[in-house]
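In: How does the following fold in three dimensions:
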Amino acid sequence: MLVMALPWLLVLELVLYAGCFICGVITAASLTITQGQFAGRCMLYGGVHLNASGQTLTVESSSSASLCYFVSAISVCVSIYCVSLILYWIYASCADDDAKRERSGINVTLLVCGVVVFFLLVSGCVLRIGREHLCLSILQTLPSLFSCEEAENKTWASPYHGNQFSSGLHRAEKSVWVNFFFWILIVAVAAVQRRHGARFRGADWNAAETEPFFHRPSRP
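Out: Coordinates of the predicted model:
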């Protein structure tokens, strides 16, 4: 019923919002789990070294925890915004026959998209550069390794256990860039709706349900 009630461009936009919601959750969860593996320390732009025995990796330096919180907060806020929009349009399509999407509403959507795209770009760059800085430190500490992922199998000094730190940071980064790409598509879809003056009218099928199955012939 929802697909029948909404224009296909708006349905496409809502599908993209759903994808953005999932990406935001993955980013925040992956980054939070990685922080948990390092006792709450943010390993973006961090460094490692070997302990006195030369057999165990430990943390030499780390970024402020607020840096990871910043990236996670952006992803969480974007996810909340996306699910709120989805719920709003579901409600509007089912409950409000006079609901419309005016040109001004699309302008607001484009403005919000611009802000979100900017912060996702910042988040993606922070994750990319921060992860590469950490990996460079690991490869310099352990020249025998060919990739940062191999360090996940190394022994880490307590209370650290980085058995999935590289895959977690990589997953968070990839989710941010996918999220960024989805929002670029949302901008394009909203721009098309604005150009054609798209207006959304609520569920006409509600009225159709009250019509009789058989119409009486009109009298002369």
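
In: Can you list the low-confidence ranges for this structure?
Out: In the predicted model, the chain carries pLDDT under 70 at residues 1-6, 54, 96-102, 197-220.

In: so where does the spatially closest residue to Arg41 that is not a sequence neighbour fall, helix or strand?
Out: Residue nearest to Arg41 in three dimensions, not counting chain neighbours: Ser62, with 4.2 Å by Cβ to Cβ, 6 or more residues apart in numbering. Quick note: C-beta positions are derived from backbone N, CA and C, even for glycine. Assessed by DSSP states H and E, Ser62 sits inside strand 57-63.

In: Just the buried residues of that strand, please?
Out: Within strand 57-63, the residues scored as buried using 16 or more other Cβ atoms under 10 Å are 57, 59, 62-63.

In: Residues contacting the lengthiest strand in the chain, please?
Out: Of all the elements of type strand in the chain, the one with the most residues (DSSP state E) is strand 42-50. Strand 42-50 has contacts (Cβ atoms under 8 Å, 6 or more residues apart in numbering) with 34-35, 56-69, 71, 126-127, 129-131, 133-134, 137-138, 141-142, 162, 165, 169.

In: ok, the nearest residue to Val83 once chain neighbours are set aside - how many residues close by?
Out: On the basis of Cβ to Cβ, 6+ apart, the spatially nearest residue to Val83 that is not a chain neighbour turns out to be Phe21, at 5.2 Å. For Phe21, the neighbour count with other Cβ atoms under 10 Å is 22.

In: With Ala95 instead?
Out: Using other Cβ under 10 Å, Ala95 has 11 neighbouring residues.

In: Compute the distance between it and Trp89, please.
Out: Remark: distance between Ala95 and Trp89 (Cβ to Cβ, to the nearest Å) = 11 Å.

In: returning to that earlier point: so the residue nearest to Arg41 versus Leu127, what's the distance?
Out: Computed with Cβ to Cβ, the distance linking Ser62 and Leu127 is 15 Å.

In: check contacts around Trp8.
Out: For Trp8, no residue counts as a contact, taking Cβ under 8 Å, 6+ apart as the criterion.

In: Perfect, I'm done here.
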